[in-house]
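1. Next comes the sequence, and after it the predicted model I'd like to discuss.
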Amino acid sequence: MPINQLINIRLPKPLSPTTYSVDYPNAAGWGPIAPSMGDTANTPAIPIGNTQQISIDGNPLYPSATNWTALRASSTSIVEGSLGQRALGLAAGAVGSIVGIPQVSQIAGSLIDANGKGSVKSEYAVADPSNLKNIPGVKYADFRVRKAKGDAEGVLKQRLDAASLLARTTLSAATGKTPLKSVIRPAMYAAAAASPIGAYSAFNREATYGWGDHDNPFALRNDFTVQSHVATQWRLGKTLKKEWLRTKSPLSFITPFRGDKVNVIDFGKRTLKEAYRWRPKNFGEGKFGSFLDKAGITRDFIKFYITGPKLNAGNTTDVDDIIVFRASINSLTDTFGSNWSEVKMVGRADPNYQYSGYSRDISLDFTLFATDRDEVKPIWRKLNALAGYTAPTYDDQNIALVGSWLRITIGDLFVQQAAVIKSLNYTLYDAESPWEINIEGDPEMMEVPIKIDVSLSLSIIADWLPQKNGRFYSLAKQYDGKTGLPKEGTDNWLSGAEPNKTLDLKMLKEELEAATEAGLSVTEYREQAKAAADLVAKLTLRG
């Protein structure tokens, strides 16, 4: 069948003589298609041209691609008076929110819409086609920032993400309420959002969260067994002891790693600052070398790692185990339990209850999946290390078993919270679990699953006293490095919660004052107070 018949488009018979034509922009050598006539008298065909427009009685409907501009209905353009309408609407919304009467904003909005000068709320700005072009050197085009044209409409639609945050953090840092470094990231994000490249071009999964460069068209793809520069070897180190160190293979050294930078982080002992270091330090101890080595530290969407007990929140100097997993969390539950002992009372059929204890458990399920061969060994080394925290520690000087406890961080909910593992389950194989089968016989590769589902149940041993009106979640940004307790401030959502030290001092002060007034020691006072409380309890039960 001829091509002109294949693209023949039928339209209802017009009411008046009509001329139809359509434009198809050329693409990489694609030439215009010759005009074609319809095959019926009642349904005219659309002749195909190169520069004409579809028209009905000479009135253009769709401009040609070469002259196409964004279409805007009259109600979506900035019209006379709409800037004032917008200002009035913003003011009314602010007043309604501050006084708590939303009808103020609703009435103002209704009056603005009724003035006949266009509905502000129906505005929708689109980018000019000339702006929809990739910028050389920018992988991800963030077209949200391409709407500005320098006119009123462009100014109103300009992205200002993080600008208000930058103002707040700058003021807070200037007054000493937050560290000066807290300004850096908001400043970078605000600058990127306001620039032609857009925020996502600079802050994305690959650049910010170490997602991997799997789609790199220039990567070496004709040998799946090649190792990258993050591969490790068991060999002698600076301490003259064997340890896992970076490979010395020249081919591996020049091969870039394209996988998940969080998955490839190996188990080891280091400081909390180095928790997300995926690439060893290579550039020396100078300022320039330190600057380059910072690129060897990535981050996850949320913080998610398990450490040894030494690394309490805020501790930046001590070294202990660190096990980092990609935060592919499927579920997270937090269970609180209060224990009550039943007390039978004489003369009453229903029992009384005496509070006897508190417990708290968290359970989480997450999935690990190796996206690159260099990730397989680190993932399994970390799984093995985590399983070790269910086993005891043996001491040559003590025949008793010593249990292992850990600290866990999940976002800002739990920041280096002490815990013990109640149960740990690895789903190593199911219908959707692929394996590394090592078909090529690599002596450094193992036959293991590369998708593992992990179920972990922990009993929380909080750094703070569990108490009414106390703290049960971390929810803070700054911590005392010695005690691990959050510092009070605006960046601490639970500032004002009853802290450990204040509670102890308050109770001690009250006991000391009461004991002094009664002429007793604190110990004697406590004994008498306990005896009095027991007597009151007995009298209450009898009543």
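-> All right, it came through fine.

2. all helices for the stretch 51-200 of the chain, in order.
-> 82-99, 103-113, 152-157, 163-174, 184-194, 199-202 (DSSP state H, counting those that start in this stretch).

3. out of those, nearest to residue 238?
-> Closest approach to residue 238 among these (CB to CB): helix 184-194, 33.1 Å. All C-beta spots, glycine's among them, are computed from the backbone N, C-alpha and C.

4. by how many degrees do that closest one and helix 163-174 diverge?
-> Relative orientation of helix 184-194 and helix 163-174, computed by axes from the mean of the first three to the mean of the last three CA atoms, to 10 degrees: 160 degrees.

5. if we can go back for a sec, out of the helices of the stretch 51-200 of the chain, name the one with the poorest average pLDDT.
-> Of all the helices of the stretch 51-200 of the chain, helix 152-157 carries the lowest average pLDDT, namely a mean of 60.

6. Could you save the helices of the stretch 51-200 of the chain as TSV and add columns showing distance to residue 359 and mean neighbour count?
-> What follows is these, written out as TSV (distance: least, CB to CB, whole Å; neighbours: other CB atoms under 10 Å):
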stretch	distance to residue 359	mean neighbour count
helix 82-99	42	14
helix 103-113	48	15
helix 152-157	54	16
helix 163-174	38	15
helix 184-194	38	17
helix 199-202	44	19
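
7. Nearest approach to residue 307 belongs to which of these?
-> helix 184-194 (23.9 Å).

8. Which strands and helices lie in contact with the closest one?
-> Counting contacts by 3 or more CB pairs under 8 Å, 6 or more residues apart in numbering; DSSP states H and E, helix 184-194 is packed against helix 163-174, helix 199-202.

9. So which helix or strand of the protein has the lowest pLDDT on average?
-> strand 48-49 (a mean of 42; mean pLDDT, DSSP states H and E).

10. Quick one: the helices of the stretch 51-200 of the chain as a markdown table, columns for distance to residue 413 too.
-> Output for the helices of the stretch 51-200 of the chain, formatted as a markdown table (distance: least, CB to CB, whole Å):
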| stretch | distance to residue 413 |
| --- | --- |
| helix 82-99 | 29 |
| helix 103-113 | 35 |
| helix 152-157 | 36 |
| helix 163-174 | 22 |
| helix 184-194 | 21 |
| helix 199-202 | 26 |
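
11. What does the pLDDT read for residue 53?
-> pLDDT, residue 53: 43.

12. Same question for the one 3 residues further on.
-> Reading off the per-residue confidence, residue 56 sits at a pLDDT of 48.

13. try residue 468
-> On the pLDDT scale, residue 468 gets 91.

14. which residues does it contact?
-> residue 498 (CB atoms under 8 Å, 6 or more residues apart in numbering).

15. would you list every one of the strands in the stretch 151-300 of the chain?
-> 232-236, 242-246, 268-270 (DSSP state E, counting those that start in this stretch).

16. returning to that earlier point: how about a markdown table for the helices and strands packed on helix 184-194, with distance to residue 507 added?
-> Shown next, in a markdown table, are these (distance: least, CB to CB, whole Å):
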| stretch | distance to residue 507 |
| --- | --- |
| helix 163-174 | 34 |
| helix 199-202 | 51 |
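
17. Of all those helices, which one is nearest residue 336?
-> In terms of CB to CB, the element of the helices and strands packed on helix 184-194 nearest to residue 336 is helix 163-174, at 33.6 Å.

18. Packing partners of the closest one?
-> Applying 3+ CB pairs under 8 Å, 6+ apart, we find helix 163-174 packed against helix 184-194.

19. Present the strands of the stretch 151-300 of the chain as TSV; the columns should include distance to residue 305.
-> As requested, the strands of the stretch 151-300 of the chain are exported to TSV (distance: least, CB to CB, whole Å):
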stretch	distance to residue 305
strand 232-236	19
strand 242-246	18
strand 268-270	11
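
20. So for residue 322, which of those sits nearest?
-> strand 268-270 (5.7 Å).

21. Note down every partner strand of the closest one and its orientation.
-> Next to strand 268-270 in the sheet, as set by DSSP bridges, lie strand 320-324 (antiparallel).

22. what about the spatially most central residue of the chain, distance to residue 183?
-> Relative to the mean C-alpha position of the chain, the nearest C-alpha, by CA atoms, centre = their mean, is the one of residue 301, at 3.0 Å. Counting by CB to CB, to the nearest Å, the separation of residue 301 from residue 183 is 23 Å.

23. coming back round to it: which stretch among the helices and strands packed on helix 184-194 comes nearest residue 318?
-> Nearest of the helices and strands packed on helix 184-194 (CB to CB): helix 163-174, 27.5 Å.
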